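# just coords:
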């Protein structure tokens with residue numbers, strides 16, 4: 001058997017992560033027809049069935065899930081090799097300017113930047129935290145080499161790569177009536193509730209609005225609009241009302257008991273976390289390209 005094509009393996013991993021062949025094809029920059037042909041060729045090459053089509057999308061078979069696990073390990077090793085060899089070619093010093101949306105900047109970027117610093121200690125790193133709209137503007141203007149956004153709307157004309165997914169959850173203070181609702185709330189109740197929310201342009205707010213719109217609902221006007229996640233957490237904990245935030249942003253408060261998670265019975269909000277850059281197959285700055293691989297891995 002020939003060695004499997006790495007691009008086909010990346011595509012397979014993308015299908016498994018997103019549950020959609022068409023979405024994985026878009027992220028890979030190929031047509032759905034070409035993606036289907038690659039998956040069929042990969043199945044013939046390996047001699048096993050990898051994917052099954054359902055009314056809800058494309059899922060891996062049991063064998064396919066095992067292949068995805070192995071492929072993920074293989075691709076991580078390939079990316080590490082690429083990072084190492086790129087570092088050999090890179091100049092002895094340089095800088096990378098990063099713009100990241102709030103949730104990513106606070107909860108994910110620190111680990112990526114620490115890993116980059118350990119691998120390339122001579123590189124100067126600049127991180128700017130802003131909402132997703134501002135991050136896109138910074139990348140378009142050339143003031144950021146690499147951006148990370150958390151909005152379902154991907155900017156046109158900018159190369160991008162999905163790096164993870166994130167779940168939004170409803171949280172309230174311990175004294176809020178919803179904190180005692182063991183059965184949770186409905187999407188209609190959530191839409192009708194004035195929330196403590198981020199400002200317009202926030203990926204968190206847009207992801208919720210899109211999820212509610214998909215259920216035929218429109219959100220009520222916010223009770224409060226705050227520009228930082230930490231301000232929302234504190235305000236909600238003080239009893240101001242419900243909020244919808246990334247699970248990454250409230251995990252510590254949920255464990256400590258200052259916030260309570262409220263189940264939404266008929267709605268789940270999952271959003272992509274996406275890297276964007278100016279042009280080319282990867283960012284022009286070697287340090288930014290290295291950071292992209294670290295984030296994706």
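On my side now, so go ahead. Please read these numbers as outputs of a predicted model, since none were measured by experiment. Numbers count the residues shown, from 1 in each chain.
# Now do the strand or helix carrying residue 80: distance to the chain's middle.
Taking DSSP states H and E as the definition, residue 80 sits inside helix 62-89. Offset of helix 62-89 from its chain centre (Cα atoms, centre = their mean, to the nearest Å): 19 Å.
# average pLDDT across the following helix or strand past it?
Downstream of helix 62-89, the first helix or strand assigned by DSSP H and E is strand 94-101. The average pLDDT for strand 94-101 rounds to 90.
# now swap in stretch 42-57 and tell me
Stretch 42-57 carries an average pLDDT of 88.
# Report the buried residues of it.
Within stretch 42-57, the residues that count as buried by 16 or more other Cβ atoms under 10 Å are 42-43, 46, 50-51. Yep, even glycine has a C-beta here, placed from its N, CA and C like the rest.
# Show me which pair in these is furthest apart.
Using Cβ to Cβ, the pair of the buried residues of stretch 42-57 lying farthest apart is 46 and 51, separated by 11.8 Å.
# Could I get the full set of strands for this protein?
51-54, 57-60, 94-101, 123-130, 146-149, 160-173, 196-198, 224-226, 243-246, 259-262, 269-277 (DSSP state E).
# partners of the longest one in the sheet?
Sheet pairing of strand 160-173 (DSSP bridges) gives strand 243-246 (antiparallel), strand 259-262 (antiparallel), strand 269-277 (antiparallel).
# can you redo those as JSON lines with mean neighbour count?
Shown next, in JSON lines, are the strands paired with strand 160-173 (neighbours: other Cβ atoms under 10 Å):
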{"stretch": "strand 243-246", "mean neighbour count": "26"}
{"stretch": "strand 259-262", "mean neighbour count": "21"}
{"stretch": "strand 269-277", "mean neighbour count": "22"}
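# Figure out which of the ones you listed is closest to residue 148.
That would be strand 269-277 among the strands paired with strand 160-173, by Cβ to Cβ, at 5.6 Å.
# Give me the distance from that closest one to the chain's centre.
From the chain centre to the centre of strand 269-277 is a distance of 3 Å (Cα atoms, centre = their mean).
# can you list the residues that contact it?
104, 108, 135-136, 139, 145-152, 154-155, 158-168, 203-204, 207-208, 211, 244, 283-284, 288, 292, 295-296 (Cβ atoms under 8 Å, 6 or more residues apart in numbering).
# what about residue 124, neighbour count?
Look at residue 124: counted by other Cβ atoms under 10 Å, it has 12 neighbours.
# Residue 282 versus that one, what's the distance?
Distance, residue 124 to residue 282, using Cβ to Cβ, to the nearest Å: 20 Å.
# Could you do residue 99 as well?
Noted for residue 99: a distance of 17 Å to residue 282, by Cβ to Cβ.
# swap in residue 101?
In terms of Cβ to Cβ, residue 101 sits 20 Å off from residue 282.
# ok, the two, which is more surrounded?
Shown here are residue 101 and residue 282; by other Cβ under 10 Å, residue 101 has more neighbours (29 against 19).
# pretty sure the more buried one is touching residue 138, no?
No: with contact defined as Cβ atoms under 8 Å, residue 101 does not count as touching residue 138 (11.0 Å).
# any common contacting residues for those two?
What both residue 101 and residue 138 touch, as defined by Cβ under 8 Å, 6+ apart, is the set residue 130.
# As CSV, the strands paired with strand 160-173 with mean pLDDT would be great.
Below are the strands paired with strand 160-173 laid out as CSV (pLDDT from 0 to 100):
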stretch, mean pLDDT
strand 243-246, 96
strand 259-262, 96
strand 269-277, 94
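# right, and the ones you listed - which one's nearest residue 27?
Nearest of the strands paired with strand 160-173 (Cβ to Cβ): strand 269-277, 8.7 Å.
# quick one, the closest one and strand 94-101 angle?
Relative orientation of strand 269-277 and strand 94-101, computed by axes from the mean of the first three to the mean of the last three Cα atoms, to 10 degrees: 150 degrees.
# okay, and for this protein, where does confidence drop off?
1-2, 83-93 (pLDDT under 70).
# 50 instead, please
Scanning the chain for pLDDT under 50 picks out 92.
# At the geometric centre of it, which residue sits there?
residue 273 (1.6 Å; Cα atoms, centre = their mean).
# Look up the residues forming beta bridges with that residue.
The partner residues for residue 273, given DSSP bridges, come to residue 164.
# do the same with the one 4 residues further on
Partner residues in beta bridges with residue 277: residue 146, with DSSP bridges as the criterion.
# Could you measure from it over to residue 259?
35 Å.
# Just give the nearest non-adjacent residue to residue 158, would you?
residue 276 (4.8 Å; Cβ to Cβ, 6 or more residues apart in numbering).
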